[in-house]
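# need coordinates for the following:
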Amino acid sequence: MSSAIIIGVDGQDGSYLTELLLEKGYHVVGTVQPGESDSLENLASISERVEIVVTDLLDQKNLSEVIGGYRPDETYNLASQSHLLTSLENPARTGEISGLGVTRILEAIRTTSPKTRFFQASSSEMFGRQPRDVPQDENTPFEPWNAYAAAKLYAHWVVASYRRNHGIFACAGILYNHESPRRRPEFVTRKVTRGAAMIKLGLARDLPLGNLDARRDWGFAGDFVRGMWQMLQQETPADFVLATGKTHTVRDLCEEAFSCLGLDYRDYVVPGTTDFRREEETLLVGNPGKAQRLLGWEPFVPFQELIRVMVDADLASLRNTR
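You can find the predicted model right below:
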């Protein structure tokens with residue numbers, strides 16, 4: 001039986017990856033940060049099949065004990081300080097978790113379980129606000145513009161360093177926005193789908209949002225975790241962009257979400273009232289060509305279906321809690 005450690009198992013990606021690996025017959029160990037062991041609602045239906053371990057990304061000894069104790073075939077690092085406002089408010093902790101935390105994981109692998117294959121969740125934010133290429137691929141220069149992106153870039157290069165200098169099978173996936181009903185509610189996709197559901201149920205009158213013309217390359221988290229697994233099944237480790245190659249505006253997101261409920265978003269959305277992020281001067285959209293050629297990876301769930309699934313899930317959740 002193959003085995004895997006998923007660091008940051010409690011997030012949306014961790015839960016979808018856990019389901020995928022269990023389907024493939026893996027023994028799955030999931031780690032959570034100290035104080036977060038009660039945030040496992042995404043794993044509720046499969047919790048009895050996952051071994052949960054509290055692991056501190058700030059503690060080298062602890063990480064070495066966990067990885068050395070299990071000696072897994074694969075380790076996936078999905079833990080990160082990913083929300084922009086949080087990373088801006090606490091850049092030092094962002095660097096510790098999203099940057100140095102990856103160094104500690106790789107050092108634990110090197111010293112205790114060098115045959116373990118490692119996946120790092122890198123971010124399209126590393127390309128910055130004005131990427132030199134449109135669309136971006138694995139060769140596009142990185143120009144991070146905030147603490148989160150800088151920490152992610154540090155980790156990205158550490159992965160390359162351990163691959164080249166220590167022979168560790170380490171891969172990084174440069175991930176574009178990927179969503180699901182399990183996405184945390186502070187992200188704009190969930191703000192919109194949950195907000196639309198609340199309005200439909202009479203729990204809210206309007207939905208304040210920021211820049212409706214901001215564009216994102218949005219995909220489905222379940223598709224992305226399949227790409228993560230595929231990376232670690234190759235003969236040679238390499239980095240890959242995972243993206244849909246298509247963009248949609250926040251306005252498109254609103255139109256799709258509200259129309260699922262028979263509503264016109266223009267009657268309810270109040271634009272320009274919150275900070276969705278400053279408008280980018282260059283389009284952030286990924287080119288997944290390398291992943292398609294070498295991994296056979298494709299994003300199966302289209303944007304419209306993704307938003308409908310998210311709206312339906314939020315509607316059902318709100319009805320159950322009334």
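
# spatially nearest residue to residue 96, not counting backbone neighbours?
residue 58 (5.8 Å; C-beta to C-beta, 6 or more residues apart in numbering). C-beta: built from backbone N, CA, C; applies to glycine.

# hang on, that neighbour packs against residue 99?
No: taking C-beta atoms under 8 Å as the definition, residue 58 is not a contact partner of residue 99, at 11.5 Å.

# compare these two and say which is more crowded by neighbours.
Neighbours were counted for residue 58 and for residue 99 using other C-beta atoms under 10 Å; residue 99 has more, 22 against 14.

# shouldn't that one be within a helix?
Yes: counting by DSSP: H, G, I helix; E, B strand; the rest coil, residue 99 is part of a helix.

# what pLDDT does the nearest residue to it once chain neighbours are set aside get?
Nearest residue to residue 99, sequence neighbours excluded (C-beta to C-beta, 6+ apart): residue 151, at 3.7 Å. On pLDDT, residue 151 comes in at 95.

# the one 5 residues further on too?
The per-residue pLDDT reported for residue 156 equals 98.

# check the burial of residue 91 by counting its neighbours.
Burial of residue 91 is recorded as 16 neighbouring residues (other C-beta under 10 Å).

# ignore what I typed, I meant residue 245.
As a burial measure, residue 245 scores 16 neighbours (other C-beta under 10 Å).

# need the contact list for residue 6.
Listed by C-beta atoms under 8 Å, 6 or more residues apart in numbering, the contact set of residue 6 reads 14, 17-18, 21, 28-31, 75-76, 78.

# at 7 Å what do you get?
Contacts for residue 6 (C-beta atoms under 7 Å, 6 or more residues apart in numbering) come out as 14, 17-18, 28, 30, 76, 78.

# narrow these to those in helices?
Filtering those for membership in helices, criterion DSSP state H, returns 14, 17-18.

# residue 254: which of these is nearest?
Closest approach to residue 254 among these (C-beta to C-beta): residue 14, at 28.3 Å.

# surely the closest one touches residue 76?
No: here residue 14 does not reach residue 76: they are 8.0 Å apart, not a contact under C-beta atoms under 7 Å.
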